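K.L.:
curious how this folds, go ahead:
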Amino acid sequence: MRVELEIEDLAPGGEALGRAAGRPVYVPFAAPGDRVEVELPPGDGPAHAELLRVLRPGAARVQPPCRHFGPGDGGDGSDRECGGCEWLHVDYARQLAAKERSFAETLRRIGRLAPGSYPLRPIVPSPAPLRYRCRAKLHLDRARGRLAFFRRRSHAPVPLSECHLLEPGLDALREALGPALTQARLAAREVRLEWSEAQGRGAAALELPEVTPAVGRRAEGLLRLVPGLAGLVLLREGRPPVLVGDPVLRHLRDPAAAAAGLQRSRPDVFQQANRGANAILVREALALLRPAGARVLELYCGAGNFTGPIARGAAAVTAVEGQGPSLELARRDLAGAPVRFVSGDALAVAGGLAREPSGPRFEAALLDPPRDGARGVGPLLSRLGVVRAVYVSCDPATFARDLRGCVEAGYRVGAVRPFDLFPQTHHVEGLALLER
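P.N.:
Residues are numbered from 1 along each chain as shown. Coordinates of the predicted model:
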């Protein structure tokens, strides 16, 4: 059924919200203030509708710069409905306001943290709303020999000719690598690309059905085909990674301050894609943590994003990580620093330390868990003597759940702040200070 709607606001999942006779309707590619015509599915409850036409654009709508963004085929023959962006058509200030509201609502609903009961600081914008990503996960469209994102809510490829989220060097590497993979006869299921602006070179991790000596030789040939590609990590499920060339890159820890030094990275380990926004996040986390002279426990240390800056002033750091390649990179970066690296599940290691009557105790802790969070961490921090902890999260729902658990374990929320590390999408990062 075709209906007309007024779009009220952006919705947490990346769409926009309107109402049809009181019924909530979620519409992709719509902007606040738009009057739109949609195809509405039957029923009475909340619905996801298809955008047919923008009848009157709202004040929040801007012209998206990418030919792959938006509904339909655009009339120019380009592939559309790319799933890489959600809000490329929305003014950046409206994106930030929507994320801030959604973040606070998640803390209220899941964390039971009432507005005004804790200090909520304004959202921190990304230094660059476009061209901010130094890494991306893509797929090889073998039929057309191009790297692709999937269409939204689909596994159908959108073979890219441009991506306005990627740093220019990474976008150029993406453009060159798709045809080269086809020429090298490497049938990668997934391609993780990374670019170091500091070095002017990139690396890729390829998920492959098999990694044989013949595949290794073809991978060496691929490096010769793409001059900007310094190395490869060949991945096959259940097998150790195989390195070809030199896939270890070095990024400026802070693109605005070269004196902060370099950090090692590899395309198959976790690293923040938005280096500029990440530097701001690290600075604010350390300002809250106050590690100078303290014994610090860091859980989920990864490749040392926070570990290096913490170690500059802390008396000692115990850094825990379960992913071997990440830990290896951090160890190489921080050889000689006052850091004890521990390999293992972060919560299990923390629990083991807490059970030792004469085990180490810590004044401060920092944790940056994956998307599923750190359920049950509050009592562990308390038993380890932690007076203040900083929690960094990429998922507001598990963040809110875990903050509630820490409050129940005897901590108070001393500060919370959202960060926009992913402009043009609904994703938002969270940072919180917990005080005993």
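
K.L.:
tell me the helix or strand right after the helix or strand of the chain with the lowest mean pLDDT.
P.N.:
Lowest by mean pLDDT, DSSP states H and E among the helices and strands of the chain is strand 157-159, with a mean of 88. For strand 157-159, the following helix or strand on the C-terminal side (DSSP states H and E) is helix 168-184.

K.L.:
can you point out the buried residues in that next one?
P.N.:
169-171, 173-178, 180-182, 184 (16 or more other C-beta atoms under 10 Å). Every C-beta, even on glycine, is put in place using the N, C-alpha and C of the backbone.

K.L.:
please apply the same query to stretch 138-155.
P.N.:
In terms of neighbour count (16+ other C-beta under 10 Å), stretch 138-155 has its buried residues at 138, 139, 140, 141, 146, 147, 148, 149, 150, 151, 152.

K.L.:
could I get these as CSV with pLDDT and secondary structure?
P.N.:
CSV is the format used below for those (pLDDT from 0 to 100; DSSP: H, G, I helix; E, B strand; the rest coil):
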residue, pLDDT, secondary structure
138, 96, strand
139, 94, strand
140, 94, strand
141, 91, strand
146, 92, strand
147, 94, strand
148, 92, strand
149, 92, strand
150, 90, strand
151, 88, strand
152, 83, coil
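
K.L.:
what's the farthest-apart pair in those?
P.N.:
Greatest spacing in these, by C-beta to C-beta: 140 and 152 (19.3 Å).

K.L.:
from residue 24, how far off is the closest residue to residue 42 other than its chain neighbours?
P.N.:
Leaving aside its chain neighbours, residue 42 sits nearest to residue 1 (6.9 Å; criterion: C-beta to C-beta, 6 or more residues apart in numbering). Going from residue 1 to residue 24 by C-beta to C-beta, to the nearest Å gives 16 Å.

K.L.:
more neighbours: those two, which one.
P.N.:
Neighbour tally, residue 1 and residue 24, criterion other C-beta atoms under 10 Å: the higher count belongs to residue 24, 14 against 9.

K.L.:
quick one: that one and residue 47 touch, right?
P.N.:
Yes - using C-beta atoms under 8 Å, residue 24 is in contact with residue 47, at 7.4 Å.

K.L.:
confirm residue 434 sits in a helix?
P.N.:
No - according to DSSP: H, G, I helix; E, B strand; the rest coil, the state of residue 434 is strand, so it is not within a helix.

K.L.:
show me the contacts for it.
P.N.:
With C-beta atoms under 8 Å, 6 or more residues apart in numbering as the criterion, the residues that contact residue 434 are 381, 388, 389, 390, 391, 403, 406, 411, 412, 413, 414.

K.L.:
if you set the cut-off to 7 Å instead, what comes out?
P.N.:
By C-beta atoms under 7 Å, 6 or more residues apart in numbering, the contact list for residue 434 reads 388, 389, 391, 406, 411, 413, 414.

K.L.:
ditto for residue 132
P.N.:
126, 165, 274, 276, 423.

K.L.:
the third one bridge partners, please.
P.N.:
Yep, that's residue 274 we're talking about. Taking DSSP bridges as the rule, residue 274 bridges to residue 133.

K.L.:
about what we covered before: sheet-wise, list the partners of the least confident helix or strand of the chain with their directions.
P.N.:
strand 146-150 (antiparallel).

K.L.:
what's in contact with the strand it pairs with?
P.N.:
Outside strand 146-150, the residues within contact range by C-beta under 7 Å, 6+ apart are 82-84, 138-141, 156-160, 174, 177-178, 191.

K.L.:
switch to 8 Å and redo it
P.N.:
68, 82-84, 138-141, 156-161, 163, 174, 177-179, 181, 191, 193.
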